[in-house]
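Curious how this folds, go ahead:
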Amino acid sequence: MRLIVGLGNPGRQYQGTRHNVGFDVVDRAVTRRALDFESAPTDALMARTRGVEPAVMLAKPLSFMNRSGSAVAALLHYYRIALDDLLVVAEDVNLPLGRVRARSRGSDGGHNGLGSVIESLGTQEFARLRIGVGRGDARGDLAAHVLARFEASEEPVIAEAIGRAAEAVDAFVSSGIMEVMNRYNSRGPETDEAGTSTEASDEENEEP
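Next comes the predicted model:
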């Protein structure tokens, strides 16, 4: 079974914020499969495919961003899902608005949700899909930025990115993280002249 986890904060007040793009991608993926959310055996909502292969579970932890890892670890343990079958989806202020990037492993890049997942799993060796939400004014408060909603001019860009990220989820389910990296990391200016992804350089740009 493949497990796709979107990171975000529960509650109406957080809907549509930059911090909840991970939830938005999972919502889109659930809609594409005509599934419904149900309660999970941990603090999360989940939607599952049945009778098709490969089986897919899409989940949204309800323990708030900073404690997301406990729900991810519990789902992996309860359903006996291999670490290679996990994809975590989250927003990234270090990427330009609308950029979609995948990695097979890595640090938390200053993201509290990813940090919680790494702490709970005891490893950085899991796939993640990041959607750029931009950093905003460098002089402004970063926490306020990620908890803010998108400007009207940004909404078409992020909506298109959420759609592409949902397609990337499909690619992960069918073919794994390397296929996602090959298909989605080469889009945009962060490639060399041969079209090779410069993903390795991203970690140098991440926050400590």
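
Could you list the low-pLDDT ranges of this protein?
By pLDDT under 70, the low-scoring segments of the chain are 186-208.

now with 80?
Filtered on pLDDT under 80, the chain yields the residue ranges 136-140, 186-208.

ranges for the helices of it?
Remark: helices of the chain, listed N- to C-terminal, are 21-32, 68-79, 112-121, 142-146, 155-175, 177-184, 202-205; assignment by DSSP state H.

Please point out which parts of the first one sit buried.
Which is helix 21-32. By neighbour count, with 16 or more other C-beta atoms under 10 Å as the criterion, the buried positions of helix 21-32 are 21, 22, 23, 24, 25, 26, 27, 28, 29, 30. In this view, the C-beta of every residue, glycine as well, is placed from N, C-alpha and C.

same check, this time on the longest one
Applying a neighbour-count criterion of 16+ other C-beta under 10 Å, one finds 157-158, 161-162, 164-169, 171-173 buried in helix 155-175.

Residue 61 contacts residue 68, doesn't it?
Yes: taking C-beta atoms under 8 Å as the contact criterion, residue 61 and residue 68 are neighbours in contact, 4.4 Å apart.

Need the residues touching each of the two.
Residues touching both residue 61 and residue 68 (C-beta atoms under 8 Å, 6 or more residues apart in numbering) are 5, 7.

how far away is residue 97 from residue 156?
Plainly put, residue 97 is 11 Å away from residue 156 if you go by C-beta to C-beta, to the nearest Å.

sorry, back to before: from the buried residues of helix 21-32, which two are the most distant?
Spatially, the most separated pair among the buried residues of helix 21-32 is 21 and 30, at 14.9 Å (C-beta to C-beta).

give me the beta-bridge partners of the residue positioned nearest the centre of the chain?
With distances taken as C-alpha atoms, centre = their mean, the chain has residue 89 as the residue nearest its mean C-alpha position (0.9 Å). In this structure, residue 89 bridges to residue 6, residue 129 when assessed by DSSP bridges.

residues contacting it?
For residue 89, the set of contacting residues under the criterion of C-beta under 8 Å, 6+ apart consists of 4-7, 21-22, 25-26, 128-131, 165, 169.

Next, count neighbours for the closest residue to residue 93 other than its chain neighbours.
In space, residue 93 comes closest to residue 135 once its chain neighbours are excluded; the distance is 4.7 Å by C-beta to C-beta, 6 or more residues apart in numbering. A count of nearby residues for residue 135, using other C-beta atoms under 10 Å, gives 16.
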